[in-house]
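Student: Okay, here's the prediction I keep looking at, along with the sequence it came from:
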Amino acid sequence: MLSLRQLEVFLAVIETGSTTRAAEAVALSQSAASNALTELESRLGERLFDRVGKRLVLNASGRALQPRALLLLTQARDAETLFRHGGGQLKVGASTTIGNYLLPRLLGAADGVLPCERIDIANTDEIAERMLRFELDLGLVEGRTLHPDLLMEPWRQDEMVIVAAPQYEGAVLAALPWIMREAGSGTRRVVEQDVLSDLPVIRPVLELGSSEAIHNAVRAGLGVSCLSRHVVEQSLQSGELVVLAPERSIRRQLYLLRHRQRPDTAAVARFLALCAPEN
């Protein structure tokens with residue numbers, strides 16, 4: 001029978017390229033790590049790595065095993081924490097607007113016991129990739145992802161508005177200098193598809209990796225952008241920014257991501273009780 005230790009060594013070799021460094025990563029001797037890998041290959045009847053000089057390079061058989069090994073180790077770790085802290089502590093990935101603005105407000109109602117131990121903020125594509133590697137338990141994202149192993153459910157909605165410093169008020173949108181999120185951002189996809197699709201091609205003068213950075217650039221008068229109202233509400237109230245073309249404002253869907261092969265735990269239920277989807 002395969003052991004979790006064998007799978008742990010297998011994954012560590014993928015990361016490090018050798019049994020020597022893998023042994024250090026999993027706190028084994030080099031001989032024990034080498035034996036674990038040899039036993040795993042013997043049990044499966046397949047070589048999992050090609051030996052290229054002193055380096056072990058994952059082959060087709062190893063690539064087929066990798067996602068299953070990740071899943072088995074993840075499920076084992078889930079079992080270890082199942083009865084701790086009311087069902088374990090979650091690692092949650094959140095798109096920037098959700099992680100910086102919406103989620104902190106929702107978690108403020110946690111009554112001192114947060115239902116997650118870490119919130120990683122990244123764009124939609126990065127969160128999806130990390131969930132596929134079982135590095136995150138849940139994702140809250142602003143864009144769509146269509147990987148068959150991920151379940152995407154409507155979570156909440158957010159209003160997107162075109163904003164600029166007051167000197168741009170009344171200008172033609174297509175002629176303005178635009179500041180955009182980076183490729184792969186859910187916000188950028190929504191803006192291009194749902195807000196600006198009928199305009200001539202917009203050529204951004206600047207691309208930035210977070211909504212907060214764009215907010216600051218727009219306040220400085222560098223250009224215009226389309227941002228969540230959560231991000232710009234205070235600047236609109238103070239008069240630092242104005243809404244352009246309010247008829248182009250949209251309500252976008254925010255999504256909850258789950259992995260199909262990970263059943264919900266008590267920790268997930270606790271999280272969703274505080275951050276429940278809108279009806």
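Tutor: Ah, there it is.
Student: Only C-alpha atoms from now on, for both contacts and neighbour counts.
Tutor: Noted.
Student: Break down this protein into its helices, ranges please.
Tutor: 4-16, 19-25, 30-44, 60-80, 96-97, 103-107, 124-132, 186-190, 211-219, 229-238, 266-274 (DSSP state H).
Student: Now render these as TSV, adding mean neighbour count.
Tutor: Shown next, in TSV, are those (neighbours: other Cα atoms under 10 Å):
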stretch	mean neighbour count
helix 4-16	20
helix 19-25	19
helix 30-44	17
helix 60-80	15
helix 96-97	25
helix 103-107	14
helix 124-132	20
helix 186-190	21
helix 211-219	19
helix 229-238	15
helix 266-274	17
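Student: could you dump these to CSV with mean pLDDT?
Tutor: Below are these laid out as CSV (pLDDT from 0 to 100):
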stretch, mean pLDDT
helix 4-16, 85
helix 19-25, 84
helix 30-44, 86
helix 60-80, 79
helix 96-97, 84
helix 103-107, 82
helix 124-132, 90
helix 186-190, 78
helix 211-219, 94
helix 229-238, 94
helix 266-274, 80
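Student: and Ile250, which of those helices is closest to it?
Tutor: helix 186-190 (9.4 Å; Cα to Cα).
Student: sorry, back to before: who wins for proximity to Gln253 among the helices of the chain?
Tutor: helix 186-190 (9.5 Å).
Student: sorry, back to before: quick one, which of the helices of the chain gets closest to Cys116.
Tutor: helix 266-274 (7.3 Å).
Student: Can you tell me how far the closest residue to Arg5 other than its chain neighbours is from Gly209?
Tutor: Excluding the flanking residues, the one nearest Arg5 by Cα to Cα, 6 or more residues apart in numbering is Ala36, at 7.4 Å. As defined by Cα to Cα, to the nearest Å, Ala36 lies at a distance of 42 Å from Gly209.
Student: The chain - how does it break down into domains?
Tutor: 4-80, 90-157+254-274, 159-251 (automatic domain parsing).
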